[in-house]
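Engineer: Whatever this is, show me its structure:
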Amino acid sequence: MRILQLAEDMMQTSVALMKLCQSSNSYFRLLAAATLGTFYKITEKPKECIMILKNVVDNVESSGVYMRWIHTCFDNLIHTLQSLNMNKQVDSVQIQLSHWLRENPKLETTISLPLLHEKAQPFDQFMADFNVWDKKAKKVLNFAKEMITTQEKMEKL
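Structural biologist: Okay, the predicted model is just below:
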């Protein structure tokens, strides 16, 4: 049992650290929480499991790409709610899952290295896309600097 407690403590620490440095809908943060929620499901702590996994499925954004770990969160949440006979919540989460699956369809084909080479984006296109992101990031940083400068000027008055 000591090993399970150590594992739980380490996962809780991971989630707490992610809360400090990641946004509430960051996949890194949500994956850390999903791991802890799944741990609670396995170790039969349903209240903790439900609280954490509900937070994960409520905050995950649709990327248009199916991700197995998100689907697993929905499944674990549904099974835990069913084990406690929380049928209204089960129905709600199942509806939420069906919407998520519609927005993030599971591909029938497996992505392989030859497929990636076959559909590789030209380097010039990659750089153009990257430069667009770079320009947007610089715009945001410049806006933040302007706001700080304006605020400092207002404080001096």
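
Engineer: quick check, distance from whatever helix or strand residue 142 lives in to the centre of its chain.
Structural biologist: Per DSSP states H and E: residue 142 is located in helix 123-156. Here helix 123-156 is found 25 Å from its chain centre; the criterion is C-alpha atoms, centre = their mean, to the nearest Å.

Engineer: Can you list the buried residues in that helix?
Structural biologist: Using 16 or more other C-beta atoms under 10 Å as the test for burial, helix 123-156 gives no buried residues. All C-beta spots, glycine's among them, are computed from the backbone N, C-alpha and C.

Engineer: Mean confidence (pLDDT) on that helix, please.
Structural biologist: For helix 123-156, mean pLDDT rounds to 80.

Engineer: Thought residue 67 was touching residue 105, still the case?
Structural biologist: No. Using C-beta atoms under 8 Å, residue 105 is not in contact with residue 67, being 11.5 Å away.

Engineer: Do you know the pLDDT at the spatially most central residue of the chain?
Structural biologist: The centre of the chain sits closest to residue 27, judged by C-alpha atoms, centre = their mean, with a distance of 2.8 Å. Looking at residue 27, its pLDDT is 91.

Engineer: Tell me how this protein divides into domains.
Structural biologist: 2-111, 121-157 (automatic domain parsing).

Engineer: helix or strand for residue 57, which one?
Structural biologist: Going by DSSP H and E, residue 57 is in helix 46-59.

Engineer: let me redo that: residue 75
Structural biologist: helix 68-83.

Engineer: Which positions in that helix come out as buried?
Structural biologist: Quick answer for helix 68-83 (16+ other C-beta under 10 Å): 70, 73, 74, 76, 77, 78, 80, 81.

Engineer: quick one: contacts for the second one?
Structural biologist: This points to residue 73. 34, 37, 38, 53, 56, 57, 60 (C-beta atoms under 8 Å, 6 or more residues apart in numbering).

Engineer: And the last one, by the same measure?
Structural biologist: The neighbourhood of residue 81, defined by C-beta under 8 Å, 6+ apart, consists of 50, 89, 90, 93.

Engineer: Give me the distance between it and residue 69.
Structural biologist: 19 Å (C-beta to C-beta, to the nearest Å).

Engineer: same question, residue 52
Structural biologist: On the measure of C-beta to C-beta, residue 52 and residue 69 end up 14 Å apart.

Engineer: shared neighbours of those two, anything?
Structural biologist: residue 34.
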